[in-house]
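> Build me a model:
(chains A and B)
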Amino acid sequence: MKKIILVALIALVTPYLQAQKVGFKIKGSDTVLPLTQKLAEIYMKNNANTSIMVTGGGSGVGLSALMSGTTDIAQSSRSMKLDEKMKLNDAGKAFKETIIAYDALSVIVNPANKVSKLTREQLEGIYTGKITNWKAVGGDDQKIVVYSRETSSGTYEFFKEHVLNKKNYATSALLMPATGAIVQSVSQTKGAIGYVGLAYVEKSVKVLEVSYDKGKTYVTPTVENAKSKKYPITRPLYYYYLSTTEKTISPFVKFILSPAGQKIVLTEGYVPLS
Amino acid sequence: MKNYRIIVEKFVEGVLFSSSTITSLTVILIIVFLFREGIGLFHGSPLEKDFVIAVSKQNPIQELDAAKVKAIFNQDITNWSKVGGANDSIILFTTSDITNYYSEEELGSALEFLPKKLNDFIVSHPGAIMYVSGKSLPPGFNGHRIKIKDITIPGFVFGRQWYPTSEPIPSYGIWPMIIGTLMVTLGALLFAIPLGIATAIYMAEVADIRIRNILKPVIELLSGIPSVVFGFFGLIVIVPLIQQTFHLIVGETVLAGSIVLGIMALPTIITITEDSLRTIPQSLKEASLALGATRWQTLVRVVIPYAKSGISTAIILGIGRAIGETMAVLMVTGNASNIPHSFLVPARTIPATIAAELGEAPYGGMHFKALFALGIVLFLFTIVINFTVEFIKNSKKEIRS
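So this is what the prediction gives:
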């Protein structure tokens, strides 16, 4: 009996005797989430004394958590807005911005849809509610069901700024709480259209070619096309962190930017930096 | 010894008293907090704190209503003559656009030259409308601010648009959500109340004791399942099912939300109804049967009237679960902020909106306050429902006695 108690005691105490653990939290974009999770997993395997906690919620959630000090790194699929920068400046907090990878924002439809390409103007029409039938863009006579992310998403903001020309989404757009939910819904709804990061694209949905020059050239979102900047809706993915925590975080960031880290970026379906 | 007992009794009494006081105080505190944050929405302009909309000094326009400003920034209005100004096209400008006109070096590393550059911009672009932080405008700024009307309570409750993050003027109109919430809840109850009460009666009066002993724990298990699981179940099973059954173009509908919520409210309704049916004195039932009433007559005339108060409590708690549920509804109703005109179209509910958006809303901002105002609306709903049921319960009692 005594032996058991002794062993239990030792087991309880040992973790505290080990070398000091380093831990930090990463929060924000759902687009970056699968990548960060994979990177953190591999990094923790190689560095046993580091623990990294990764959560999603949307870029807005991450950046607002960074401001309130509840996360160490904000992962974001959009750059920090100027008023967010001003808020941090006002609070006297200096921050660092690192681009860790690129993503090709892919427009997806149901596999049964005849349409295989759209121009930016057509996308704007569909998402602002001016075009409501697939017939108008060369498809079947069927109502368009528009799927979007929630307002907390960086992808929502990015799409609004770069595809909708800053116009508001139609009120009839269905706002989904997660990127996975958009893929699920588009795969089971015939007239659906949605947008997701390239890494989320599956066989159950069809990816559209997009044109930004009024229909002269259409480009498919692939890693190669995003790398060569041929695909127009390519965006950087960011890590934001405060300068005060840079010391603890920089080994992890360095790992991501290293060739080994960038290889993981590629295998996870994102676009590496170089 | 006797003294000791008295002391213990006093002590227990004190503990009981203070627990109830702490509970009531917490409830009051939460309500005060909710109202304090929510009411703040109606005291200010719809613009974010410290932010202003400014135009050039030469521009004759002094005041605009929120709808016009929205139309301008949504590029539906592109000429000043449409809003009573000169015939000049409108140039939209928000702070982040400054980098399109001036390089980062010109602005300085800590943005210290921003105010000066904003002034340079308005001088060189007299047709511009600017949405900027009032703090970053320099003294002697070559322009004037435009007045915008405050958010009103009717505008909030009956507004049709919800664009909480739209710049420069967000829209906080919750009418579609009020209708959406009521319809989803109503649908859930239409489905859960008959089914729940029937199951409870079966378990309490009809079922064999062995069946009941299996059924009851299984139903209680249902209430322990996290709501996200219900949400996923709804999205993957119920949504496609509804889509195919009714040949709809989109399966995320009010009905899907109602079914998922109904399933979630079932354990509450069943358990409480069943418990109240079991409290009926055996003698009452036996008396009825002895008078020659059938089992069915006894059930309808004796058992159910006796358990009425328990059944109404079950319904209230069921409504409580349904109306306040967030995650499951968020996943299956589609969250389009249109007014649902039937059970087979998408809808957005109040709790789902709060759950989806509170995380990103900066503390103390307009969006944050608008979400708390939504919380107040939800709170008022529950109060009204509780009082109505309470009223019905009491009036029925008077008739009977």
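> Domain ranges for chain B, per the record?
B:51-150, B:175-400 (automatic domain parsing).
> Switch those domains over to JSON lines; also include mean neighbour count.
Glycine gets a C-beta too; all of them are placed from N, C-alpha and C. Below are those laid out as JSON lines (neighbours: other Cβ atoms under 10 Å in any protein chain shown):
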{"stretch": "domain B:51-150", "mean neighbour count": "16"}
{"stretch": "domain B:175-400", "mean neighbour count": "19"}
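> For the stretch 151-274 of chain A, just list every one of the strands.
Using DSSP state E, counting those that start in this stretch, the strands of the stretch 151-274 of chain A run over residues A:174-176, A:192-197, A:206-207, A:209-211, A:234-242.
> try the stretch 1-150 of chain B
B:51-56, B:63-64, B:91-94, B:128-133, B:143-145, B:147-148.
> Around chain A, which positions in the stretch 1-150 of chain B sit nearby?
B:48, B:51, B:70, B:73-75, B:92, B:95-96, B:98, B:110-111, B:133, B:136 (Cβ under 8 Å from any Cβ of the partner chain).
> ok so, going back, for residue A:36, which of the strands of the stretch 151-274 of chain A is the nearest?
Using Cβ to Cβ as the measure, strand A:234-242 is the one of these that comes nearest residue A:36, at 8.6 Å.
> among the domains of chain B, where is the model least confident on average?
When the domains of chain B are compared on average pLDDT, domain B:51-150 comes out lowest at a mean of 79.
> hmm, back to that, same list, the strands of the stretch 151-274 of chain A, but as JSON lines with distance to residue A:131, mean pLDDT and mean neighbour count please.
Below are the strands of the stretch 151-274 of chain A laid out as JSON lines (distance: least, Cβ to Cβ, whole Å; pLDDT from 0 to 100; neighbours: other Cβ atoms under 10 Å in any protein chain shown):
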{"stretch": "strand A:174-176", "distance to residue A:131": "16", "mean pLDDT": "88", "mean neighbour count": "26"}
{"stretch": "strand A:192-197", "distance to residue A:131": "10", "mean pLDDT": "92", "mean neighbour count": "26"}
{"stretch": "strand A:206-207", "distance to residue A:131": "18", "mean pLDDT": "92", "mean neighbour count": "18"}
{"stretch": "strand A:209-211", "distance to residue A:131": "15", "mean pLDDT": "91", "mean neighbour count": "20"}
{"stretch": "strand A:234-242", "distance to residue A:131": "24", "mean pLDDT": "91", "mean neighbour count": "22"}
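> now these as TSV including distance to chain B?
As requested, the strands of the stretch 151-274 of chain A are arranged in TSV below (distance: least, Cβ to the nearest Cβ, whole Å):
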stretch	distance to chain B
strand A:174-176	4
strand A:192-197	7
strand A:206-207	17
strand A:209-211	21
strand A:234-242	15
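> got the residues of the stretch 1-150 of chain B next to chain A as TSV, with distance to residue B:4 columns?
Formatted as TSV, the residues of the stretch 1-150 of chain B next to chain A follow (distance: Cβ to Cβ, whole Å):
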residue	distance to residue B:4
B:48	64
B:51	67
B:70	73
B:73	76
B:74	77
B:75	82
B:92	80
B:95	73
B:96	73
B:98	78
B:110	71
B:111	72
B:133	68
B:136	72
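> Closest one to residue A:147 out of those, please.
The nearest one, if we look at those relative to residue A:147 and count by Cβ to Cβ, is residue B:74, at 21.1 Å.
> Do I have it right that the closest one meets residue A:169?
No. Counting by Cβ atoms under 8 Å, residue B:74 does not reach residue A:169; the two are 10.7 Å apart.
> Now render the strands of the stretch 151-274 of chain A as TSV, adding distance to residue B:79.
Formatted as TSV, those follow (distance: least, Cβ to Cβ, whole Å):
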stretch	distance to residue B:79
strand A:174-176	32
strand A:192-197	32
strand A:206-207	39
strand A:209-211	29
strand A:234-242	33
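> so which of those gets nearest residue B:172?
Among the strands of the stretch 151-274 of chain A, strand A:174-176 comes nearest to residue B:172, with 15.7 Å by Cβ to Cβ.
> just checking, what packs against the closest one?
Judged by 3 or more Cβ pairs under 8 Å, 6 or more residues apart in numbering or on different chains; DSSP states H and E, strand A:174-176 is in contact with strand A:145-149, helix A:179-188.
> separation between residue A:231 and residue A:90?
Going from residue A:231 to residue A:90 by Cβ to Cβ, to the nearest Å gives 37 Å.
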